[in-house]
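In: sequence first, then the predicted structure:
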Amino acid sequence: MEVKSGIPIERTLKPYLIGLALAVVLTAIPFGLVATGALPRQATLIIIAVFAVAQIIVHLTFFLHIDFKTTPRENLVALAFALVLIFIMVGGSLWIMFDLYHRMMV
Amino acid sequence: MTSVADMTVSPRDVERYEEKDFGFWLYLMSDAVIFACLFATYLVMVGNAAGGPTPKDVFELDRAAAETALLLLSSATFGIAAVALSAGERGKVLLWLAVTFLLGAGFIYLEIDEFAGMIAEGAGPQRSGFLSAFFTLVGTHGLHVTVGLCWILVMMGQVYFKGITAPVASRLMRLGLFWHFLDIIWVLIFSVVYLPGLL
Amino acid sequence: MDIFGRLTLESLPFYSAVAASGAAVTVLGGLAVAGAITYFGAWRMVMTQWLSSVDHKKIGIIYIMLALVMLVRGFVDAAMMRSQQAMAYNNEGYLPPDHFDQIFSSHGTIMIFFMAMPFLSGLANLIVPQQIGSRDVAFPFMNSVSLWLTTAGAGLMLISLVVGKFSTAGWTAYPPYSGVQYTPGVGVDYWLWMVFISGFATTMSGINFLVTIFKCRAPGMTMFRLPLFTWTIFIASVLIIFAFPALTVACAMLILDRNFGFHFFTNELGGNMMNYINLFWLWGHPEVYILILPAFGVFSEVVSTFSQKRLFGYISLVCATIAIGFLSFTVWLHHFFTMGSSAKVNSFFGTMTAIISVPTGVKVFDWLLTMYRGRIIFKPPMLFTIGFLVTFVIGGLSGVLLALPPVDYMMHNTTFLVAHFHNMIIPGVLFGYLAGYMYWFPKAFGFKLNEKWGTRSFWCWIIGFYVAFMPLYVLGMLGFPRRMEHYEIAAWQPHLIVAWVGAVIILLGMICLAVQLIVSIRERNEALDLSGDPWNGRSLEWATSSPAAPYNFAVLPKVEARDAWWDIKRRGVAYERPLEYEDIVMPKSTYAGVVIGVAGGVFGFAAIWWMWWLALLALAVIAGTIIYRASDDDDEFVMTASEVKAIEDARFEKLAKAPKNEMADDPGYAGEPAAEPAT
């Protein structure tokens, strides 16, 4: 029974085990690809990126128990806002710094 | 022993815990921006090896994999402690917190060993912009894990001496958020720093 | 390894007369405060009621006291610079270059970090919980930690005047100049550690206020019923939480560079100093709005109270605030257009900068339309508001000019820029905070500030502002670089002399502020605020007594409309005496906040001077205090219903004696004109 309360709600083992299993898979594949060099560099990088995003979603879902039903809405809004700002900050910084880099190198 | 769900907590205390949870969540978001700035800096500086060692020269895939395994397992063992917490089983909570602590401490040991080895080889943070950025990014994560370890010890003390009371349970849940959050940062570290560096 | 690190007797300021007198004033000032407390036998009171207090109103008052002290210090720096530049044509003036550089660095640092930020936190602490109908902030203890860490930062600032030299790298500390290669010594380290420590404090304040406003509102106080000041604090808190990490990271990296030989921003071994500038302004631009949005909030409150009308365009003001808050994260590159980015980067950020002026313009129209057909009462806070509106628009226009990269290439690093940002910050931030200070002073102390001296102060400030800064626009266009210690071009001097006259007029404004405070305290019995609602106010802070009871509201108000207090008064249910009171749970006072603050200051000082054992000891004290606090589940006490009743009975006795509100000239006047103006 999940009531809206500040004290811990019921936790079961199942989500943690699912999360662990998924995380192991999502970690082992990129590590394996780098170790063996089975795929070309570009493809490996893309797989690393995609698997990292997938693994973060796995962690958020199964370890931090973020979902659209029980998580307070303000937490979700804060998370979404943080993601947007991190995108602006990191993306903007890289854009600015690499733009400068190319102009300095030419 | 009463399970947490049966614990009677006044409505005012419930509000208090909710405020603390939200405040802590906001702290995590703020901390995420710190790591975002560190990642951005790392990406800007990863090419600036200044004639010194490059990522390929100093990273070890085995060690990164071992560190990842320890941290990932510790997230799961913390989860088991949380399950024991909601069942109100004090002994189990203590046991699994201890296991989590050991896994985290193992992670920190591997990291310190890695740093010490790099510094001994002349690949310390003073060598180049790339190494400054690497040590700062990974070191900041390590520092967070260390704080988390201290926090685990404090919470084990509280569980031992106070038992599973509502405030203790509420703190443990926030510690859990912190611990799992650090695992997410680590996923980003191995995906942005180690794996591309070794490719 | 010396136990005093790099601290030696030579660090004491006996090497120059100017440094020694600055240090003497600082030390004597400290002794004078301690002496005054001893003279009045007030140590016990200070210790038990102020240092250990977790009451947001007291914390707010301490913040504002800190801000006013630092305002004086920052103003002295400004006056010294103006004097130097007015006389330094073809001669050295009276300040050696090294000293002049320290002064402009400390002026900016003080005004931003230790004047404006504490003023903002102070007003927020004093007013926000009362405006939302709450008994406290969400985290009263963390609030006290924030206060004392901020004070620790300010303390380091003052100590830098006595022990060692301050930074000469300006308030932004750009590397590589601020790197250890070009600026050895402790100056930049002072700057770094004080910013780092107070930055932590500010981040905690931001979290505290966001949670307070989101979670602790009175029943019925929905987000779209919040007073505008609370809205602006809410958005400023969001900006603090997401922008300050960038400053923390930039400072930490420069600390590592300077003290541990890292290569983030150095010239050699793969450092990239442009990344500092990028990170710094990633924080720096939102910071501008962190400072200015709350002032906009004050103006919104003041303009509607003193026009005796509801705020025009409430929703548009809220939306403009949110829009400004978001856009403030997308313009940071306009602080370094000349770094050498390509045209597409510069034009993107130039465009975003021009866009951000749109919501600001919306706000200006809203305030003007609030005054339109209002019955305006020209009290000092309202004067500051009108002065702001006129002056700020001029500053905004010069900002839109600078938003164009080609123009910026011409104007950057000249006093045109200096004139521009002072034209934003003095009317936009300082006038706002001073208006808030005069508007809410009765709420904090139970009596009003003298209006005559307030008005005089306003006229000196506004006239002084124009006389001091308009010449800087002209000088900038004549090519006068900022931060010049002396110069050889005769055409510059007349303008600098005019600017100096302006500084003197502002000095009169500062003196009027001081006189106002002294006169008001002396004549407080003639200006008592017995009702708690001296301005016939509209928001809930005027529902409490002045000063408010420790719990603010004995019975939490039920909010049914925007302008909640106005609505309660209009419904005739204000000042209703409840049949019985209930127990109120309150946070216990604690010294833990001061201990952490002092230890934080000691840590900073030790790190600056490389006394690592002391730094570790201070960190251990901080950690121990936090663990002790975090294990204490008994941090609240119950104020019983009978105690509450005693306080409330005294309040109702005072209310009965209160004269009719001088500002409620027409009780039937509900604040709206008979008909909306035809378009």
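Out: Cool, got the structure.

In: quick one, longest helix in chain C?
Out: Counting by DSSP state H, the longest helix found in chain C is helix C:273-307.

In: now C:His335, nearest residue through space, not along the chain?
Out: Spatial nearest neighbour of C:His335, excluding adjacent residues (Cβ to Cβ, 6 or more residues apart in numbering or on different chains): C:Trp281 at 4.4 Å. In this view, the C-beta of every residue, glycine as well, is placed from N, C-alpha and C.

In: ditto for B:Leu38
Out: B:Leu137 (4.4 Å).

In: for the one you found, what are its contacts?
Out: Taking Cβ atoms under 8 Å, 6 or more residues apart in numbering or on different chains, we find B:Leu137 in contact with B:35, B:38-39, B:41-42, B:189, B:193.

In: is chain B within reach of stretch A:45-62?
Out: Yes - using Cβ under 8 Å from any Cβ of the partner chain, stretch A:45-62 reaches chain B at A:45, A:48-49, A:51-52, A:55-56, A:59-60.

In: how near is the closest residue to C:Gln493 other than its chain neighbours to C:Ala444?
Out: Nearest residue to C:Gln493, sequence neighbours excluded (Cβ to Cβ, 6+ apart): C:Tyr89, at 4.3 Å. Per Cβ to Cβ, to the nearest Å, C:Tyr89 is found 46 Å from C:Ala444.

In: list the helices and strands the helix or strand that contains C:Val364 packs on?
Out: Using DSSP states H and E, C:Val364 falls within helix C:343-371. Helix C:343-371 is packed against helix A:73-105, helix C:273-307, helix C:314-327, helix C:380-402, helix C:405-411, with contacts defined by 3 or more Cβ pairs under 8 Å, 6 or more residues apart in numbering or on different chains; DSSP states H and E.

In: in the stretch 51-200 of chain C, which spans are helices?
Out: Remark: helices assigned in the stretch 51-200 of chain C by DSSP state H, counting those that start in this stretch are C:56-87, C:97-109, C:117-131, C:140-162, C:187-215.

In: can you lay out those as TSV showing mean pLDDT and mean neighbour count?
Out: Putting the helices of the stretch 51-200 of chain C into TSV (pLDDT from 0 to 100; neighbours: other Cβ atoms under 10 Å in any protein chain shown) gives the following:
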stretch	mean pLDDT	mean neighbour count
helix C:56-87	94	21
helix C:97-109	93	21
helix C:117-131	96	28
helix C:140-162	94	25
helix C:187-215	95	26
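
In: how about these, which one is nearest chain A?
Out: helix C:187-215 (6.1 Å; Cβ to the nearest Cβ).

In: now for the following helix or strand past the closest one, which elements pack on it?
Out: Counting by DSSP H and E, the next helix or strand C-terminal to helix C:187-215 is helix C:228-260. Here helix C:228-260 touches helix A:73-105, helix B:11-45, helix B:129-162, helix C:117-131, helix C:187-215, helix C:273-307, helix C:314-327, going by 3+ Cβ pairs under 8 Å, 6+ apart.

In: for residue 27, what are its contacts?
Out: Picking chain A for this. A:51, A:55, B:68, B:72, B:187, B:190.

In: that's the other chain; I wanted chain B
Out: B:Tyr27 touches C:Ile207, counting by Cβ under 8 Å, 6+ apart.

In: now C:Gly133
Out: Contacts of C:Gly133 by Cβ under 8 Å, 6+ apart are C:217-219, C:221, C:540, C:553, C:556-557, C:559, C:564.

In: what's the closest non-adjacent residue to it?
Out: Per Cβ to Cβ, 6+ apart, closest to C:Gly133 is C:Ala218, 2.7 Å.

In: okay, which residue is most central for chain A?
Out: A:Ile56 (2.6 Å; Cα atoms, centre = their mean).

In: that one contacts B:Asp183, doesn't it?
Out: No - counting by Cβ atoms under 8 Å, A:Ile56 stays clear of B:Asp183, with 9.6 Å between them.

In: hmm, back to that, who wins for neighbours among the residues of stretch A:45-62 next to chain B?
Out: Highest neighbour count within the residues of stretch A:45-62 next to chain B, by other Cβ atoms under 10 Å in any protein chain shown: A:Gln55, with 25 neighbours.

In: so that one makes contact with A:Leu26?
Out: Yes - using Cβ under 8 Å, A:Gln55 is in contact with A:Leu26, at 4.2 Å.

In: hang on, A:Thr71 in a strand?
Out: No - secondary structure assignment (DSSP: H, G, I helix; E, B strand; the rest coil) places A:Thr71 in coil, not in a strand.

In: I'd say it and A:Thr61 touch.
Out: No - at 10.4 Å, A:Thr71 does not count as touching A:Thr61 under the criterion of Cβ under 8 Å.

In: any idea how far B:Ser170 is from C:Glu636?
Out: From B:Ser170 to C:Glu636 the distance is 15 Å (Cβ to Cβ).

In: comparing those two, which residue is more hemmed in?
Out: B:Ser170 (24 against 12).

In: so how far is chain A from the more buried one?
Out: Noted for B:Ser170: a distance of 6 Å to chain A, by Cβ to the nearest Cβ, to the nearest Å.

In: surely that residue and B:Tyr17 touch.
Out: Yes - B:Ser170 is within contact range of B:Tyr17, at 4.6 Å (criterion: Cβ under 8 Å).

In: can you tell which of the helices and strands packed on helix C:343-371 is closest to C:Thr455?
Out: helix C:380-402 (5.5 Å; Cβ to Cβ).

In: buried residues in the closest one?
Out: C:380-389, C:391-392, C:394-396, C:398-399, C:402 (16 or more other Cβ atoms under 10 Å in any protein chain shown).

In: ok, which of these also contact chain B?
Out: Answer for the buried residues of helix C:380-402 near chain B: none qualify (Cβ under 8 Å from any Cβ).

In: can you give me the end-to-end span of stretch C:176-186?
Out: 16 Å (Cα to Cα, to the nearest Å).

In: do any residues in it lie close to chain A?
Out: No - using Cβ under 8 Å from any Cβ, stretch C:176-186 never reaches chain A; the gap is at least 15.1 Å.

In: which residues are in contact with the closest residue to C:Asn525 other than its chain neighbours?
Out: Of all residues not flanking C:Asn525 in the chain, C:Phe447 sits nearest, at 7.7 Å (Cβ to Cβ, 6+ apart). By Cβ under 8 Å, 6+ apart, the residues touching C:Phe447 are C:520, C:524-525, C:527-529.

In: give me that answer again for 10 Å
Out: Going by Cβ atoms under 10 Å, 6 or more residues apart in numbering or on different chains, C:Phe447 touches C:441, C:520-521, C:523-530, C:534, C:546-547.

In: buried among these? Make that a PyMOL selection.
Out: This is how PyMOL selects the buried members of those, with burial counted by 16+ other Cβ under 10 Å:
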select buried, chain C and resi 441+520+524+527+528+529+530+534+546+547
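
In: kindly report the residues of chain C close to chain A.
Out: C:210-211, C:214-215, C:238-239, C:241-243, C:245-246, C:272, C:274-275, C:277-279, C:282-283, C:286, C:326, C:329-330, C:332-333, C:336, C:339-342, C:344-346, C:348-349 (Cβ under 10 Å from any Cβ of the partner chain).
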